[in-house]
Every structure is written in C-alpha cells, then in structure tokens.
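1. What shape does this take:
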Amino acid sequence: MFVAQLVALIDRLAPVHLAEDWDNVGLIVGRHNRTVRRVLVALELRGDVLHEARERGCDTIVVHHPPIFPAIAALTDAAPARELVLTAAEERIAVVAAHTNLDAAAGGLNDQMALMLGLQDVRPLAPAAGDPAAGLGRVGIVPAARLEALVRRVAAEFPGAVSYSGDPGVQVSRVACCTGSGASMIADARTAEAEVFVTSDLKYHDHDRAEGMPLIGVPHAQVERLAMRRWFRGFARHLHADGVESAFADTDTDPWQHVAR
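-> Residues are numbered from 1 along each chain as shown. Sure thing, here's the model as predicted:
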C-alpha cells in the first residue's frame, strides 16, 4: 500500500467532504508515493507518540487532531508543535489527519460515542447534506432514568472528571451527544428535543444557553481516545487485508491532570 492508497481508504471511511470548512484533514506530512508498511493510530501527534512510532517501526501515523492547525507561515524548530511536524518529515514518517470528517462519518467517532452511551434509534444532530446517516453529533434513546443515574453511567464509561447541570431527579430518555468541544451544538440538541446533552469543554454560561436542558460534561481527550480506539478495530481490518500492520498508540496524550480529593 502507498500513502495515497491509505489516504483513499480513510476517505472511504471518513469522506473528506464531511470535514468542516475550517478544518485541515488528509495527508499533512509525507509523500503520496511512499510505501506504507506499519501504521500507528493516535489521538494527536506529540513527542511521546512520535517516539512510540519509532519504537514500533511505524512509517505512518494517523491522528484525529491535525498537527498543523490553523495554517502556519513557517516550519522550523522555533515552537514544539512545529518541530514535531518537521521531525516527522525529516524521519520520513507520514502523518495523516482525520478530524471532523471522522467525527461526522457513519461509524465514526460520534457513532462510537453513541454506542458507548447505549443509544438506540440514533441519528445525526446536524445531518450532512445528501447523507442523512452522517453529520456532527448524535441523538438517540435510552431507557428512561433519572438524570443522576445517567450521569453515573457516563462517569463509569469515561475516565476522568464528569460534571453536570440540571435537576438530578428529572427523568430523561432522549440523549444527544457530541465528541470534542460540542457546546456550539447546544441549540441543535434543543431543536432535536434532547432531554440531556453529553459533550466536552462546556463553560459556565452554557448552562444558561441550554435553557433548562441538562448538560453532562465529559473529558475531551478521554472520550475521543476511547471512541477512536473502537473505530480503529474496523480500520485495522482494512489495513490487514492490504498487508499493512497497525497498532493503536499506548501513549495517552491528554495534557490535563486532575487533583484527587
């Protein structure tokens, strides 16, 4: 398999046209005509991930968070993030990003999150044009339960700090979710008549914007890493069929530490 064929495979699984206009997806570092023999899949490119790729003998890294975002004017060792990209290029390690296209794709990260939450009758919160099975966010049904019971389930499913707003005793069954920073989709969740919205990076005043809809805040990196690990299983089967070895990174790149009380 060549890098170009790997990029084409990812485009079949997570079409580039599903990416947001502001995003940067596809081949970020490398040559299309290079041979791919071993792939490392990770949430993002960091020093420890690059080191793991070296140790595993990987010639390609597939990441969720683009390492060049937004566009940069120079690629030097002046800043750590840029130096990582420069080092990958120098070491001939290709880097491919699948970001909002992978979030939106059928079977992508939002669908994986919905599965982890046990949602049924799932549909996108913001359907993609021409593809009702794809789009950002998901909404579906769970057996009716008190909000506090759903919060406990979420906390058991996703490691890290989980917070929530709303009456813990209210009954909920219609649940919306979004991987990553989903606060911009609060209005979409309300329009979909969700009774609770699960996402990451919520702020204080998002509670007011929700206008009474309970919110559950989950750790950004941990949710996406778990969802990506689940998605990786199918991706690895496609690679294996083409004679390419693959691994999911052991490195946890979440930069946030939490104080135990």
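
2. Tell me who's in contact with His64.
-> Ala42, Leu43, Glu44, Ala97, Ala98, His99, Leu102, Leu109, Glu224, Met228 (C-beta atoms under 8 Å, 6 or more residues apart in numbering). Where you see a C-beta, it was placed from the backbone N, CA and C, and this is true even at glycine.

3. Pull up the gap between the last one and Asp206, please.
-> As for Met228, its distance to Asp206 is 25 Å (criterion: C-beta to C-beta, to the nearest Å).

4. before we move on, what about the fifth one?
-> Distance of Ala98 to Asp206, given as C-beta to C-beta: 27 Å.

5. ok, Pro127 - contacts?
-> Ala134, Gly135.

6. before we move on, the earlier item: more neighbours, Ala98 and Asp206?
-> Ranked by neighbour count (other C-beta atoms under 10 Å), Ala98 and Asp206 place Ala98 first, with 30 against 18.

7. Wait, the more buried one touches Asp23, no?
-> No: the criterion here is C-beta atoms under 8 Å, and Ala98 misses it with Asp23 at 9.9 Å.

8. Okay, and the spatially closest residue to Val29 that is not a sequence neighbour sits in which element?
-> Using C-beta to C-beta, 6 or more residues apart in numbering and skipping the chain neighbours, the partner closest in space to Val29 is Val95 (4.0 Å). According to DSSP states H and E, Val95 maps onto strand 94-97.

9. Could you check how far that strand is from the centre of its chain?
-> 15 Å (C-alpha atoms, centre = their mean, to the nearest Å).

10. Show residues contacting the next helix or strand after it.
-> Moving toward the C-terminus from strand 94-97, the next helix or strand (DSSP H and E) is helix 100-104. Contact partners of helix 100-104, identified using C-beta under 8 Å, 6+ apart, comprise 13-20, 23, 25, 64, 108-110, 124, 128, 134-136, 179-180, 228, 231.

11. Pretty sure Ile28 sits against Val85.
-> Yes: in this structure Ile28 lies within contact range of Val85 using C-beta under 8 Å: 7.3 Å.

12. what's the overlap in contacts for those two?
-> Pro67, Ile68, Val95.

13. Now distance to Ala194 and neighbour count too, for these, in JSON lines please.
-> JSON lines is the format used below for the shared contacts of Ile28 and Val85 (distance: C-beta to C-beta, whole Å; neighbours: other C-beta atoms under 10 Å):
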{"residue": "Pro67", "distance to Ala194": "33", "neighbour count": "22"}
{"residue": "Ile68", "distance to Ala194": "34", "neighbour count": "16"}
{"residue": "Val95", "distance to Ala194": "36", "neighbour count": "24"}
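
14. Nearest residue to the middle of the chain?
-> Glu224 (4.1 Å; C-alpha atoms, centre = their mean).

15. Contacts only, for that residue.
-> Per C-beta under 8 Å, 6+ apart, neighbours of Glu224: Leu43, His64, Leu109, Thr179, Gly180.

16. Just those residues: which are in helices?
-> Leu109 (DSSP state H).

17. Please, where are all the helices along the stretch 101-250 of the chain?
-> Per DSSP state H, counting those that start in this stretch, the stretch 101-250 of the chain carries helices over the ranges 109-117, 147-157, 186-191, 206-209, 220-241.

18. Distance of Met113 relative to Val62?
-> 19 Å.
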